[in-house]
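Undergrad: quick one: sequence plus predicted model below, questions after.
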Amino acid sequence: MTMAKLAKLDDIVSLCKRRGFIYQSSEIYGGLASCYDYGPLGAELKRNVRHAWWKAVVQMRDDVVGLDCSILMHPMAWKASGHADKFADLVTVCKKCNTRTRVDHLQEKNDGGPAQEHTEHIDIETEAGKPHDLGRKVCPACGAVGQFGPPMAFKLMFETQMGANVNDQMTLYLRPETAQGIFANFRNVLDSTRVKVPFGIGQIGKSFRNEVTTKAFIFRTREFEQAELEFFCKPGTDEDWYNHWKEQRFNWYLNLGIKKENLRFREHEKDELAHYAKACVDVEYKFPFGQGDWQELEGIANRTDYDLRQHQRGMRTMNDWFENKGDLMKISLRQEDLDYAKGPLSFFDEEAKERYIPYVIEPSAGIDRSTLAFLVDAYDEEEVNGETRNLLRFHPHLAPVKAAVFPLVKKDGMPEIATKLYNDLKGCFATFYDEKSAVGRRYRRQDEAGTPYCLTIDGQTKEDNTVTVRERDSMVQTRVNIDQVKTYLRDKLDL
RNA sequence: GCGGGUGUAGCUCAGUGGUAGAGCGUCACGUUGCCAACGUGAAUGUCGUGGGUUCGAAUCUCAUCACCCGCUCCA
């Protein structure tokens, strides 16, 4: 059972390389852990996934606008969001059972009380060098007391330096999520686009996290692409909007062909929620790897008014930042103004004549994870005349190539007609032309790339001006007038 | 980070100290008139990388890198 599933992921990985969907990064140098590149077909597929998200979440919505933020942001953005403090941990290893535990999660022997080592709001590197008394701490895994190695520092944010002059550089972070760029531009969008709450801001872009462990092909990588929507709504209406987006996002995957039995919701338990979140649900896909199988594709969270309020605090803390020469560890966010609801990141509701900080519903999807899920879900093998047919049953919107044009044979004027049709179609869809080898082989090659339609010019074409349209999933062939092919495909592909 | 496994042609893999191989795929030519046809020919290798042992290493050994599985960790 498990073996079959593993074999299936291996098949996908091998197909991905063989057909140019996904390669390992820097392969000629032995690879770089957790990094992957998208080849010619993969780049098209991923682009189509992005486009499908943007169309559903931004283009088709009257209440959502788009945004494209820089990856580098002012360091205070990460102080306000909490990442600068919370994305650094001290971790220690139990020498007895080799289990790793966060130092601030360890409990003293016998007292059962809360952890006494606090590792938040500290300079993680300085702290790791200091002596820590773990002599009375209990390993939560095996119960051994005081058997810990020296604490190791983990920093989950990538750091980089801005400024070519090495004596005048500032440490910046590569964003660990795209969301904060949206919150930081909330005021700009309000002031420049005439949007009114309820409304959303959507964005697609790269994020970076130094995950402790990477996982399963492109599922968990340190550089990854997110598609995030921050939907701002009036407090009190947030639960309705939360349910609205849950439904919208779940159906998005189903509408793009993910099989129902492979998709589910998983609501987070109360004690699993981040302290600012009122509710959170994961959309999970049943991947063919690992033991858990069900893995998160997207998280939909009710983040309340936490983020905008935090950034208001961040704005009030700028003097401290200057006075401490930009050392984030030396400063704490200032308290909120008592009148925070009327602060710079508040919204004035004309109808109700009141000012408030909107609540936020955040659907946050992983583009790479979704792309992998679409690949895995589309993969199929079937028996045809005793031979195995490998194919990818992509939804037409996701298929990297929409149509392939073939002359049945390379003579009798067929290539000329086929080339003309190809040149006509490629302006509208991603189209592929092939005149090499037997036509059956060409069909099968396109099956493996997931191309939904193949068009073959044959002897009859010159007689009655029709071509064979061969359908990927059923292999059924129909004849269509060559002048009608573009309209026919547009209709079938829903483009 | 710990434990287990793997790494040889684009892919799947054989090769256990003595000339680097097969199938599939790719390319060319011929044939071929609708589902991975056939014939002939061709190209393709830092044997993951680096050191060591040896007359000689894909093979033994050490280190390292990458991937998979299980722990662990994880807004």
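TA: Looks like it came in fine.
Undergrad: tally of neighbours for A:T214?
TA: 15 (other CB atoms under 10 Å). From N, CA and C alone the C-beta is placed, and that goes for glycine too.
Undergrad: same question for the one 4 residues further on.
TA: For A:I218, the count of nearby residues is 23 (other CB under 10 Å).
Undergrad: so the residue lying closest to A:V384 once chain neighbours are set aside, which state does it fall into?
TA: Distance criterion CB to CB, 6 or more residues apart in numbering; nearest residue to A:V384, sequence neighbours excluded, is A:M475 at 7.5 Å. Following DSSP: H, G, I helix; E, B strand; the rest coil, the label given to A:M475 is coil.
Undergrad: whatever residue of the stretch 301-450 of chain A ends up closest to RNA strand B sits in which helix or strand?
TA: At 2.5 Å from RNA strand B, A:G440 is the closest residue in the stretch 301-450 of chain A, using CB to the nearest atom of the strand. Assigned by DSSP states H and E, A:G440 falls within helix A:439-449.
Undergrad: show residues contacting the helix or strand just after that helix.
TA: On the C-terminal side of helix A:439-449, the closest following helix or strand by DSSP H and E is strand A:453-457. Contacts with strand A:453-457, where a contact means CB atoms under 8 Å, 6 or more residues apart in numbering, come from A:402-408, A:414, A:417-418, A:421, A:439, A:442-443, A:446, A:467-472, A:482, A:485, A:489, A:492-493.
Undergrad: just the ones in helices from those residues, please.
TA: A:414, A:417-418, A:421, A:439, A:442-443, A:446, A:485, A:489, A:492-493 (DSSP state H).
Undergrad: in ChimeraX, how would I select just the buried ones from these?
TA: To isolate the buried members of the ones in helices among the contacts of strand A:453-457 in ChimeraX, using 16 or more other CB atoms under 10 Å:
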select /A:414,417,418,421,439,442,443,446,485,489,493
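Undergrad: give me the neighbour count for A:L308.
TA: Per other CB under 10 Å, the neighbour tally for A:L308 reads 26.
Undergrad: can whatever helix or strand it lives in be found next to RNA strand B?
TA: Taking DSSP H and E as the criterion, A:L308 maps to helix A:306-316. No: judged by CB under 7 Å from any atom of the strand, helix A:306-316 and RNA strand B are separated, with a smallest distance of 10.8 Å.
Undergrad: which positions within that helix qualify as buried?
TA: Buried residues in helix A:306-316 (16+ other CB under 10 Å): A:306-314, A:316.
Undergrad: what lies in contact with the helix or strand just after that helix?
TA: Per DSSP H and E, helix A:306-316 leads on to helix A:318-323 as the next helix or strand towards the C-terminus. For helix A:318-323, contacts defined as CB under 8 Å, 6+ apart pick out A:75-76, A:79, A:328, A:331-332, A:334.
Undergrad: at the contact with RNA strand B, which residues of the stretch 301-450 of chain A appear?
TA: A:301, A:384-385, A:387-390, A:408-412, A:414, A:436-441, A:443-445, A:447-448.
Undergrad: can we see that at 10 Å?
TA: A:301, A:303, A:364, A:381, A:384-391, A:406-414, A:434-449 (CB under 10 Å from any atom of the strand).
Undergrad: thanks again, I'm all set now.
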